[in-house]
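*Asks:* I would like the atomic coordinates for the input below:
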Amino acid sequence: MKNNTFKLLIALIFILNFNFVAMSQDYCIGDNFTLQATNYVAGTVQWQYSYDDVSWHDFDNANSLTYYFVPDASMYVRLQIYDTSCIPEYYYAEKQYIELTPQPTVADAGYDQLGVVGTSTVLEANQAEIGIGFWTIEEGQGGSLSDPNIPNATFTGLIGETYTLSWQIFNSCGSTEDFVKISFVSNFTCGQDIVDSRDGQTYPTVSIGGKCWLAKNMNIGTMVFGTENQTNTETIQKYCYANDENNCNTYGGLYQWNMAMQFSTSEGVQGICPEGWHIPTDNEFKQLELALGMPSGEVDIINSFRGSAQNVGGQMKEGGGSGFEALFAGARNGGGGFMFLQGSGSTEFTYFWTSNQCGEGSECTANYDEMYAIRRCLNNGNQGSGRFDTFPKTYGYSIRCVKNN
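*Replies:* Got it, this is the predicted structure:
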């Protein structure tokens, strides 16, 4: 922060001119300024300012020849002198313009990317709206950047190495800096954790029936209240049970079908899943259930719990032995309310959307249309796995993702 002094010199009575000191320097928002008038003769003084050179305003308590202030934006300044012995009674110094440079954009290096499979990743820093940004490799050996001056540069490193990178945004008025950690691992093996590079969240994985599943519900997005429908914007939206984000941290988010699918209707689409993963199809859930012992004669039954005798649903629950580890996350109903959370009452449920909607050619019951989609559900009072199509897509359910082949 600099202290700047602007002097007004009165060469003749009421003829004032600014004498700027160090005109070549940049003045910054947050700098201190001093306005001074010298060779003063007579009259009442008042310092004034204007943002547009049209509307002028008095500075508060600015009635002396020296005035100290911190401007909040670029502005014009002048000195008004009032003397009843003169005609006209008001005189003004020649206005002067103080041009201020804003502070640089606050740097955001993005989320940590730990456990990235392979040897390269795209960085996710923010754009330098004010100032210039650049990357620096602070820690780690053998790393390189495709272009250190762009926020979404490709960073390449070595397997097994952990790197710390800084993203700095600077201009003549200052600089801001943020850091991100990145590590690379060899080819992914199901059972290892994955890190979602979009928000830095970590998800365990489990192999069941030849497919690699997330062993935790998705929790990406910005919370909206249960009374609102999730809308097609650039931001993923989620419900948190009882509008409490702590519940999202424990149980994951709840998503309407369209949001989960990112407004696609294609089976097996990526949707809200991390890169390389997708919303499971009805058939992929069937594969999981068959692997846990569901009789083939029950797997296609709809609007019923199946595999109860084989404890298929029980195996999918937390501590059930399959590694799927489902919690009773409850649901958001069509009216915007919440129901069936673990510990909230005698009835506990969890639901999972598939990427299969109802309609012509689907396995849904005949009286349902594309307003509905197939889901799975688990209940604390039943050891089977439910396969239903009875609730519309506007309900909010949990999402598990499956790794692409």
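*Asks:* what residues are bridge-paired with residue 305?
*Replies:* Counting by DSSP bridges, residue 305 forms beta bridges with residue 386.
*Asks:* skipping its backbone neighbours, what lies nearest residue 66 in space?
*Replies:* Nearest non-adjacent residue to residue 66, counting by C-beta to C-beta, 6 or more residues apart in numbering: residue 36, 5.0 Å away. All C-beta spots, glycine's among them, are computed from the backbone N, C-alpha and C.
*Asks:* from memory that neighbour sits against residue 64, does it?
*Replies:* No. Applying C-beta atoms under 8 Å as the test, residue 36 and residue 64 come out as separate, 9.8 Å apart.
*Asks:* looking at those two, which is more packed in?
*Replies:* Each of residue 36 and residue 64 has its neighbours counted (other C-beta atoms under 10 Å); residue 36 has more, 17 against 13.
*Asks:* partners of that one in the sheet?
*Replies:* Those that pair with residue 36 in a beta bridge, by DSSP bridges, are residue 7, residue 66.
*Asks:* which residue of this protein sits farthest from its center?
*Replies:* residue 85 (64.3 Å; C-alpha atoms, centre = their mean).
*Asks:* pLDDT below threshold where in the protein?
*Replies:* Scanning the chain for pLDDT under 70 picks out 1-25, 39, 366-367.
*Asks:* how does it look with 50?
*Replies:* 7-24 (pLDDT under 50).
*Asks:* which parts of it are helices?
*Replies:* 245-251, 257-260, 282-291, 312-316 (DSSP state H).
*Asks:* of the ones you listed, which is nearest residue 363?
*Replies:* helix 282-291 (6.9 Å; C-beta to C-beta).
*Asks:* now for the residue lying closest to residue 316 once chain neighbours are set aside: which residues touch it?
*Replies:* Counting by C-beta to C-beta, 6+ apart, residue 316 lies nearest to residue 324, which is 4.4 Å off, once chain neighbours are set aside. Residues near residue 324 by C-beta atoms under 8 Å, 6 or more residues apart in numbering: 206, 208, 213, 215, 288, 315-317, 400.
*Asks:* out of the residues you listed, who's the most crowded?
*Replies:* Counting by other C-beta under 10 Å, top hit in these: residue 316 with 28 neighbours.
*Asks:* circling back: pipe the contacts of residue 324 into a markdown table and attach distance to residue 369 per row.
*Replies:* Output for the contacts of residue 324, formatted as a markdown table (distance: C-beta to C-beta, whole Å):
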| residue | distance to residue 369 |
| --- | --- |
| 206 | 35 |
| 208 | 32 |
| 213 | 29 |
| 215 | 34 |
| 288 | 27 |
| 315 | 33 |
| 316 | 29 |
| 317 | 32 |
| 400 | 25 |
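*Asks:* ok, those vs residue 361, which is closest?
*Replies:* residue 288 (23.1 Å).
*Asks:* what are the pairing partners of the longest strand seen in the chain, and which direction each?
*Replies:* Counting residues, the longest strand in the chain under DSSP state E turns out to be strand 174-185. Sheet pairing of strand 174-185 (DSSP bridges) gives strand 113-117 (parallel), strand 162-171 (antiparallel).
*Asks:* who wins for proximity to residue 276 among these?
*Replies:* Nearest of the strands paired with strand 174-185 (C-beta to C-beta): strand 113-117, 8.4 Å.
*Asks:* send me that closest one as CSV with only the CA atoms.
*Replies:* Output of strand 113-117 as CSV, limited to C-alpha atoms (Å, rounded to 0.1, in the frame of the first residue of the first chain):
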residue,chain,number,x,y,z
GLN,A,113,-5.5,-34.3,-7.8
LEU,A,114,-4.0,-37.2,-5.8
GLY,A,115,-3.8,-40.7,-7.4
VAL,A,116,-4.2,-39.6,-11.0
VAL,A,117,-3.9,-42.7,-13.2
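*Asks:* residues in contact with it?
*Replies:* In contact with strand 113-117 (C-beta under 8 Å, 6+ apart) are residues 121, 162, 180-188, 192-195, 197, 200, 202.
*Asks:* rerun at 10 Å
*Replies:* 121-124, 155, 157, 159, 162-163, 165, 180-189, 192-198, 200, 202, 276 (C-beta atoms under 10 Å, 6 or more residues apart in numbering).
*Asks:* what about residue 226, distance to residue 335?
*Replies:* 9 Å (C-beta to C-beta, to the nearest Å).
*Asks:* quick one: the helices of the chain as JSON lines, columns for distance to residue 364 too.
*Replies:* Formatted as JSON lines, the helices of the chain follow (distance: least, C-beta to C-beta, whole Å):
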{"stretch": "helix 245-251", "distance to residue 364": "27"}
{"stretch": "helix 257-260", "distance to residue 364": "13"}
{"stretch": "helix 282-291", "distance to residue 364": "10"}
{"stretch": "helix 312-316", "distance to residue 364": "21"}
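*Asks:* which one of the ones you listed lies closest to residue 365?
*Replies:* Here helix 282-291 is closest among those (C-beta to C-beta), at 13.7 Å.
*Asks:* who's in contact with residue 314?
*Replies:* 292, 307-308, 320-322, 378, 382-385.
*Asks:* show me what counts as buried in stretch 78-93.
*Replies:* Judged by neighbour count using 16 or more other C-beta atoms under 10 Å, the buried positions of stretch 78-93 are 78-81, 83, 91, 93.
*Asks:* among those residues, name the ones in strands.
*Replies:* 78-81, 91.
*Asks:* distance to residue 52 added to these, as CSV?
*Replies:* Output for those, formatted as CSV (distance: C-beta to C-beta, whole Å):
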residue, distance to residue 52
78, 14
79, 19
80, 17
81, 23
91, 22
